[in-house]
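**Q** The following comprises the amino acid sequence and a computationally predicted model.
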Amino acid sequence: MFFSAIAAEDEDGYEKQMTKYQLRRWWFQVHKWIGITLAVLIIPLSLSGAALVWHDALDGAINPQRYRTTGSTLRTPGAYVAAARARLGPGERLAMLTLPEHGGPVTVAAAPARAPDRPGPPQRTMIYLDPPTARVLDVASSAAGLVRFVHVLHGSLQIPGGWGRMLVGWLGVAMLVSSVSGLWLWWPSVGRWTRGFRWRRRPDTNSNLHHLLGFWISLPLFVLSLTGAWIAFPTFFGALVGQGNPRGPDRMMQARAAPVAAARLPVDVAVARATALAHGKVRSITWPTEKKPDWAVQVGPRSVSVADDDGVAALAPERAGQGGVARLMRRLHSGEGMGPVWQTIVFIGGILPAVLAVTGVIMWWRTRARSGAKPRLSAVAERAPAGGL
């Protein structure tokens, strides 16, 4: 009886050990094939996200003429409107004015007189103005330039029609799983967990680099993957926190609507009505359109709608899926307004997944090469003579 009890305990321990081994092997397969099959997409997605952390610095390095401002003192919006109108092309109408938050130029976006026929974000003519003087610094298309290319690459992998954004969202889900499975595989299967920090866990530098970098990036990668998936699928994630998307007008359709030919309310009056209702710094002013004849003035975190016909101002309800949690997710993902420490973490969190993708593929390729070499050695051994001369 005593020996049968010991045998039963040994059998239970063996089964638990096998279950743990099988689970670890399953996680390994999931982690491996996510990295191998999606590496070609993860690398440009990660590197473009890292570059966009320093968006203004990148744009300033490529287009220095836009940032040759003479100060940060702001004039009235009407002064910038007058300067921008002088540079409008035939048929163009003012669509939006954005004031700088942390230095840089004032930007005015102009749209064509008729809504574009092609799908996707509307193309705008961007006019960059010096804040103290309203002098035009640069005029460029919103669809041109390297920075715009990087934005579209990160948001949709340059795939049009909404499919790219959905693909990027599912890549975020895959990277979320990869970060969790990678942490599981990093955890030592025997001994203390501190053994995971040893450099020589594997015989080659590439594998050791993959294990250690994977551990240190696992938590930031989890956050960036979650926030990226949240941005791509706001309806699903918003519903989880009670901020789901109620049905309403298509935001893209609103953005593509042509601005009115001539607004009835002067821009300075619209801003005065908005700031009387909401207190804070004016961040942007959007012109009335043919689909929505109201001004939209962003004052601090709130948007104020000002009727173009009678000037009545009202606090606009928060856009669907753009509540406090969704706004935080966007800031965590981009690093905007989160301070230099988090911005540096986000930047490194964009670089290291690309490194891990490369090192992971190298590990897989070397394993394939070794496993392919064993049958060849066995075949040579079988053909070799059994005895000597």
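**A** Done, it's in.
**Q** Retrieve the pLDDT associated with Ala369.
**A** In this model, Ala369 is scored at 73, pLDDT.
**Q** Who are the contact partners of it?
**A** For Ala369, no contacting residues are found, by Cβ atoms under 8 Å, 6 or more residues apart in numbering. All C-beta spots, glycine's among them, are computed from the backbone N, C-alpha and C.
**Q** where does it fall, helix, sheet strand or coil?
**A** State at Ala369, reduced to three classes by DSSP: H, G, I helix; E, B strand; the rest coil: helix.
**Q** Check the gap between it and Leu219 for me.
**A** 33 Å (Cβ to Cβ, to the nearest Å).
**Q** same check, this time on Val304
**A** Separation of Val304 from Leu219 (Cβ to Cβ): 39 Å.
**Q** neighbour-wise, which of these two wins?
**A** Val304 (24 against 13; other Cβ atoms under 10 Å).
**Q** Quick one: residues contacting that one.
**A** Per Cβ under 8 Å, 6+ apart, neighbours of Val304: Arg273, Ala274, Leu277, Ala278, Ala296, Val297, Gln298, Ala313, Ala314, Leu315, Ala316.
**Q** okay if I get those residues as JSON lines plus secondary structure, neighbour count and pLDDT?
**A** Below are the contacts of Val304 laid out as JSON lines (DSSP: H, G, I helix; E, B strand; the rest coil; neighbours: other Cβ atoms under 10 Å; pLDDT from 0 to 100):
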{"residue": "Arg273", "secondary structure": "helix", "neighbour count": "20", "pLDDT": "93"}
{"residue": "Ala274", "secondary structure": "helix", "neighbour count": "24", "pLDDT": "93"}
{"residue": "Leu277", "secondary structure": "helix", "neighbour count": "16", "pLDDT": "89"}
{"residue": "Ala278", "secondary structure": "coil", "neighbour count": "18", "pLDDT": "86"}
{"residue": "Ala296", "secondary structure": "strand", "neighbour count": "20", "pLDDT": "93"}
{"residue": "Val297", "secondary structure": "strand", "neighbour count": "28", "pLDDT": "94"}
{"residue": "Gln298", "secondary structure": "strand", "neighbour count": "21", "pLDDT": "93"}
{"residue": "Ala313", "secondary structure": "strand", "neighbour count": "20", "pLDDT": "85"}
{"residue": "Ala314", "secondary structure": "strand", "neighbour count": "13", "pLDDT": "90"}
{"residue": "Leu315", "secondary structure": "strand", "neighbour count": "13", "pLDDT": "86"}
{"residue": "Ala316", "secondary structure": "coil", "neighbour count": "16", "pLDDT": "75"}
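**Q** Kindly reformat those residues as CSV and extend each row with distance to Gly78.
**A** Output for those, formatted as CSV (distance: Cβ to Cβ, whole Å):
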residue, distance to Gly78
Arg273, 14
Ala274, 14
Leu277, 20
Ala278, 20
Ala296, 17
Val297, 14
Gln298, 17
Ala313, 18
Ala314, 23
Leu315, 24
Ala316, 23
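**Q** Just name the closest of these to Ala140, please.
**A** If you rank these by distance to Ala140 using Cβ to Cβ, Gln298 comes first, at 22.9 Å.
**Q** what's near enough to touch that closest one?
**A** Residues counted as contacts of Gln298 (Cβ under 8 Å, 6+ apart) are Val282, Arg283, Ser284, Ile285, Thr286, Val304.
**Q** Just the buried residues from the residues you listed, in PyMOL please.
**A** To isolate in PyMOL the members of the contacts of Gln298 that are buried, counting by 16 or more other Cβ atoms under 10 Å, one can use:
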select buried, resi 282+283+285+286+304
